[in-house]
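K.L.:
got a predicted structure plus its sequence, pasted below:
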Amino acid sequence: MTGRVRSGNDRLDEVLGGGLPDNGISLITGLPGVGKTIVAQQYVFRNATPDRPAVYLSTVSEPLEKIVRFGQTLDFFDTAAIGTSVFYEDLGETVSRRGLPGVNEQIGALLKERRPGLIVIDSFKALQTFAEGPGGFREFLHELTGLLTAAPASALWLGEYDEPEIPATPEFAVADAIVNLATVQVGNREIRLLAVSKIRGSGFLSGRHAYRLGRQGIQVFPRLADSPSQVGYTRGDVRVPSGITALDEMIRNGYWPGSSTVVLGPSGSGKTIMGLHFILGGAGQGEPGVIAALQENSSQLRRMARGFSWSLEGPSVEVMYRSPVDIYIDQWVHELLEAVDRIQARRVLVDSLTDLQLASPDETRFREFVYSLTQRFSRQGVSMMMTMETAGPLMVPNPSVSVISHLSDNLIMLGHDTERGSQRRSMAVIKTRASEHASSVREFTIGPAGITLAHPGTNRAFHRRRRFPADD
């Protein structure tokens, strides 16, 4: 299939493998409120021309006046196009008086008079109730499909279909494309997800993809799902310093370029400061970095940096703060990738994975997400550090940590404890993939210069410490 109907949103067209099939029938399904009408109107104003206009037909589910009035609130709505390249008409009165045969007669007349390139029926499902007898709707469907095929015109049929209706509903059999919009509850928040069930003769991106609705219409964020690379790639053999000299000694002169590092530790153990060492140390060596923060906002991070006489200003460091309260991880990762491209970043700090895990629909999706992100940056030669919070002050990881520990190249654990009224912090390198590392536990302090590790001979062992079962 070569001809495509574009949506005006590049990422939606990417999910659809280039767009909806031209001169085909596409079903856009979903319960009320998911955005079917917004999507249809976006297609209308994106594709309508005076020579190949778009016709928008309402039925009996929503008054035509309401559809038009709501459409006028959208940025892409063009008043000048009404009556020249975009036409709104009502099928409700026709179907109420003359039934489904009358609907086909009206649509046939419109096809001859307007010669549209795109025709929308909203809601198509509402027409089912007007069928006479068991075969009445199938007869109507057969005749309508013939009319549209002969025109030719691309059709969008909108309907409030539930997933169980798909196998038993005849319109799904004749459709060339099926796109479902849904709202899914995740904890106390709702996430909008789009999925493609079918595009005849064409590939498309599988799975569920996040989307948002606004005055600009629909914005889609294809899920990050990188397959294992079948082609070898070179990451370089020059080590990437961590920004902490003593830590570099523990991991044999730094990380491998393009590697991923997870820093585990309880609140207040120094994870964010360690991440700032990593980013600012790279910036000082000509490696731009992005700080993707979900806990401290930009002002808090800059104030923290100033406390150590560091600066986050300048073109080599970009702070991308997003509130974890209403985050879509697929939207977040696309914005992160754009930031990396914008400043040609070679290092990324994600602070923290804990917030991203809470925003994920389920554990499986979270694992896919972390895997895809690490693989993407590895191929690009971008070194990444990710922080993750543990529950207690000691070096005892949460069970959920094991879910992603094997996806990272390096694993570092921080802990803190109190003894005789003083707080002691400790650091251990759990694993470094394809490299040796020191097995000792090192105490460290946080002072004016940031993190300073104690000399190995001065360490005092942490009591009640357990070894982390990392996958090397």
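P.N.:
Looks like it arrived, so ask away.
K.L.:
which SSE is L57 in?
P.N.:
strand 54-58 (DSSP states H and E).
K.L.:
mind checking the longest helix of this protein?
P.N.:
When the chain is parsed with DSSP state H, its longest helix is helix 92-114.
K.L.:
output the contacting helices and strands for that one.
P.N.:
With contacts defined as 3 or more Cβ pairs under 8 Å, 6 or more residues apart in numbering; DSSP states H and E, the packing partners of helix 92-114 are strand 54-58, strand 86-90, strand 118-122, helix 136-150. In this view, the C-beta of every residue, glycine as well, is placed from N, C-alpha and C.
K.L.:
list the buried residues in it.
P.N.:
92, 94-95, 99-104, 106-108, 110-111, 114 (16 or more other Cβ atoms under 10 Å).
K.L.:
ok and the next helix or strand after the strand holding L57 relative to helix 92-114, angle-wise?
P.N.:
In the C-terminal direction, the helix or strand that comes right after strand 54-58 (DSSP H and E) is helix 64-71. Orientation check (axes from the mean of the first three to the mean of the last three Cα atoms, to 10 degrees): helix 64-71 against helix 92-114 gives 70 degrees.
K.L.:
relative to strand 86-90, how tilted is the strand holding L57?
P.N.:
20 degrees.
K.L.:
tell me the mean pLDDT over strand 54-58?
P.N.:
The average pLDDT for strand 54-58 rounds to 95.
K.L.:
pull up the pairing partners for it, direction included.
P.N.:
strand 86-90 (parallel), strand 118-122 (parallel) (DSSP bridges).
K.L.:
now those strands in JSON lines, with mean pLDDT?
P.N.:
Listed next are the strands paired with strand 54-58 as JSON lines, based on pLDDT from 0 to 100:
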{"stretch": "strand 86-90", "mean pLDDT": "93"}
{"stretch": "strand 118-122", "mean pLDDT": "95"}
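K.L.:
save these as TSV, and put in mean neighbour count and distance to T390 too.
P.N.:
Listed next are the strands paired with strand 54-58 as TSV, based on neighbours: other Cβ atoms under 10 Å; distance: least, Cβ to Cβ, whole Å:
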stretch	mean neighbour count	distance to T390
strand 86-90	19	57
strand 118-122	25	51
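K.L.:
what would these look like in a markdown table with distance to D75?
P.N.:
Compiled in a markdown table, the strands paired with strand 54-58 are given as follows (distance: least, Cβ to Cβ, whole Å):
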| stretch | distance to D75 |
| --- | --- |
| strand 86-90 | 15 |
| strand 118-122 | 19 |
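K.L.:
before we move on, back to that, may I see the buried residues of the strand holding L57?
P.N.:
So for strand 54-58, counting by 16+ other Cβ under 10 Å, buried means A54, V55, Y56, L57, S58.
K.L.:
can you check stretch 30-48 too?
P.N.:
For stretch 30-48, by 16+ other Cβ under 10 Å, it's 30, 34-48.
K.L.:
quick one, what contacts the nearest residue to F172 once chain neighbours are set aside?
P.N.:
Leaving out its chain neighbours, the residue that sits closest to F172 by Cβ to Cβ, 6 or more residues apart in numbering is I166, at 5.1 Å. Contacts here follow Cβ atoms under 8 Å, 6 or more residues apart in numbering; on that basis I166 touches F172, I178, S197.
K.L.:
return the subset of those residues lying in helices.
P.N.:
Those of these lying in helices (DSSP H): F172.
K.L.:
please enumerate the strands of the stretch 201-350 of the chain.
P.N.:
208-214, 217-221, 260-265, 289-293, 317-321, 347-351 (DSSP state E, counting those that start in this stretch).
K.L.:
worst mean pLDDT among these?
P.N.:
strand 260-265 (a mean of 91).
K.L.:
name the residues that touch it?
P.N.:
255, 271, 274-275, 278, 353, 374, 377-378, 383-390, 397, 401, 404-405, 407-416, 468.
K.L.:
distance of the residue nearest to F172 relative to N180?
P.N.:
Taking Cβ to Cβ, to the nearest Å as the measure, I166 falls 9 Å from N180.
K.L.:
assess the claim that S383 and P257 are in contact.
P.N.:
Yes - at 5.9 Å, S383 counts as touching P257 under the criterion of Cβ atoms under 8 Å.
K.L.:
quick one: which of the contacts of strand 260-265 sit in strands?
P.N.:
383-389, 410-416 (DSSP state E).
K.L.:
is it possible to get TSV of the strands of the stretch 201-350 of the chain that adds distance to S26 and mean neighbour count?
P.N.:
Below are these laid out as TSV (distance: least, Cβ to Cβ, whole Å; neighbours: other Cβ atoms under 10 Å):
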stretch	distance to S26	mean neighbour count
strand 208-214	16	19
strand 217-221	14	21
strand 260-265	40	26
strand 289-293	36	25
strand 317-321	36	20
strand 347-351	37	27
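K.L.:
for R365, which of these is the nearest?
P.N.:
strand 208-214 (8.6 Å; Cβ to Cβ).
K.L.:
circling back to that earlier point, who wins for proximity to R215 among the helices and strands packed on helix 92-114?
P.N.:
Across the helices and strands packed on helix 92-114, closest to R215 is strand 86-90 (Cβ to Cβ), at 18.1 Å.
K.L.:
how about V348, what does it touch?
P.N.:
G289, V290, A292, L336, V340, F377, V382, S383, M384, M385 are the contacts of V348 under Cβ under 8 Å, 6+ apart.
K.L.:
what's the closest of those to R6?
P.N.:
L336 (26.3 Å).
K.L.:
isn't that closest one right up against E318?
P.N.:
No - counting by Cβ under 8 Å, L336 does not reach E318; the two are 10.1 Å apart.
K.L.:
joint contacts of these two?
P.N.:
With Cβ under 8 Å, 6+ apart, L336 and E318 have common neighbours V290.
K.L.:
just to revisit the earlier point, report the lowest-confidence entry in the ones in strands among the contacts of strand 260-265.
P.N.:
Lowest pLDDT among these: H416, 81.
K.L.:
quick one: that residue from F221, how far?
P.N.:
Distance from H416 to F221, by Cβ to Cβ: 37 Å.
K.L.:
just the element for E14, please.
P.N.:
helix 10-15.
K.L.:
can you list the strands that the helix or strand that that helix is followed by pairs with?
P.N.:
Tracing the chain past helix 10-15, the next element assigned as helix or strand by DSSP H and E is strand 20-21. With DSSP bridges as the test, strand 20-21 is paired with strand 4-5 (antiparallel).
K.L.:
residues making contact with the strand it pairs with?
P.N.:
Under Cβ under 8 Å, 6+ apart, the answer for strand 4-5 is D13, L16, G18, G19, L20, P21, D22, S26, Y43, N47, L118, S154.
K.L.:
now do the contacts for the fifth one.
P.N.:
When contacts are counted by Cβ under 8 Å, 6+ apart, L20 is found next to R4, V5, S7, S26, Y43, S154, L156, A177, V179, I199.
K.L.:
pull the most distant pair out of those residues.
P.N.:
Checked with Cβ to Cβ, those reach their widest spread between Y43 and I199, with 15.0 Å between them.
K.L.:
what about R200, distance to A54?
P.N.:
Taken as Cβ to Cβ, the span from R200 to A54 is 22 Å.
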